[in-house]
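Colleague: Predicted structure and sequence below. I'll ask about it afterward.
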Amino acid sequence: MTVGNILTLSGLTGSIGGQQVVEDVSFSVPDTGVTALLGRNGVGKTSTIKAVLGLITRTAGTVELAGERVEREPTHRIVRRGVGYVPEDREVFSKLTVAENLRLAERDGSPRRELVDTLFPDLVKRAGQAAGTLSGGQQQMVSLARALLNRNRVLLVDEPTKGLAPRIVQEVAEALAEAAKTVPILLVEQNLAVVRQLAAGVVVLSGGRVVHTGESASELLDDADMVRRLLGVGSDHHGGAAAASPTAAPTPSAAVTERGDRA
Ligand SMILES: Nc1ncnc2c1ncn2[C@@H]1O[C@H](COP(=O)(O)OP(=O)(O)OP(=O)(O)O)[C@@H](O)[C@H]1O
């Protein structure tokens, strides 16, 4: 099977309140695996995802989904075409149960219940629990499960491990790895050990623009100078045991991310 691109951004430019926050962004997301979208705080990663979805004003450029132009379409239509979004901060309905949260997310009559139940057995056990009483990691699982219930062609996942304890970070990373076997993922992630574990390709933004694209995230992460220059993180924060092996679990030290460094 030849590998193609599921999503291609070309010269995408977007603004919030008249201020340009995404500038002439071009890159492609292959139709398999995880592609990481990286960059320091505030460089426009979330805004780029929102521009794809039409959640911020797109002022120029194109977005192709499986070869079809969608940049003029409203958000709901892009979502219906199969672009799943797992936003930063999870956004579960806290007063609703886990089961209700999932049911609300179903877009058609054949949700992929089996897949979701297999991936997230804990959510099956907690089906009757109010989502607001779940831990951050469990809420992240609900958020991921909602996107996976539908037959999406690509998932846009924004900072899924943000604020989670290292052990839970690893659980979320494993769920993402399983999910990626069924759907390509564009992943915004600050935890570089997770990026190393999951991502094949990589795109780095700075000041709303693409400053690096590569087919190997590990290659970028192995280059301490590049990491410092592009991500503003010391090599020790992606080094150590977790960085030495692409399959190693993120350790507490590796889970210290650029977010902490930049504070
Ligand atoms: N609602 C908003 N109103 C005004 N400016 C905004 C808004 N949301 C984002 N911005 C600005 O747009 C720029 C890009 O922000 P964005 O959240 O896309 O960056 P990011 O790379 O995802 O950062 P983070 O790592 O903090 O999530 C920043 O300068 C930010 O201040």
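Modeller: Perfect, thanks for sending it.

Colleague: So which bits of stretch 80-91 are buried?
Modeller: 82, 83, 84, 85, 86, 87, 88, 90 (16 or more other C-beta atoms under 10 Å). Any C-beta I mention is one placed from the backbone N, CA and C, and that applies to glycine too.

Colleague: Specify which member of the residues you listed is nearest to the ligand.
Modeller: Closest approach to the ligand among those (C-beta to the nearest ligand atom): residue 88, at 6.3 Å.

Colleague: Show the contacting residues for the residue lying farthest from the centre of the chain.
Modeller: Distance from the centre of the chain peaks at residue 128, with 27.4 Å (C-alpha atoms, centre = their mean). By C-beta atoms under 8 Å, 6 or more residues apart in numbering, the contact list for residue 128 reads 97, 98, 99.

Colleague: make it 7 Å
Modeller: 97, 99 (C-beta atoms under 7 Å, 6 or more residues apart in numbering).

Colleague: pretty sure it is in a helix, no?
Modeller: No - counting by DSSP: H, G, I helix; E, B strand; the rest coil, residue 128 is located in no helix; its state is coil.

Colleague: show me where the stretch 51-200 of the chain has strands.
Modeller: Secondary structure of the stretch 51-200 of the chain (DSSP state E, counting those that start in this stretch): strands located at 57-65, 68-69, 83-86, 154-158, 185-188, 199-206.

Colleague: quick one, which of those is packed in tightest?
Modeller: strand 185-188 (a mean of 26; mean count of other C-beta atoms under 10 Å).

Colleague: Need the buried residues of stretch 80-91 in CSV (columns: pLDDT and distance to residue 106).
Modeller: Below are these laid out as CSV (pLDDT from 0 to 100; distance: C-beta to C-beta, whole Å):
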residue, pLDDT, distance to residue 106
82, 94, 14
83, 96, 16
84, 94, 12
85, 94, 15
86, 94, 16
87, 92, 18
88, 89, 23
90, 76, 18
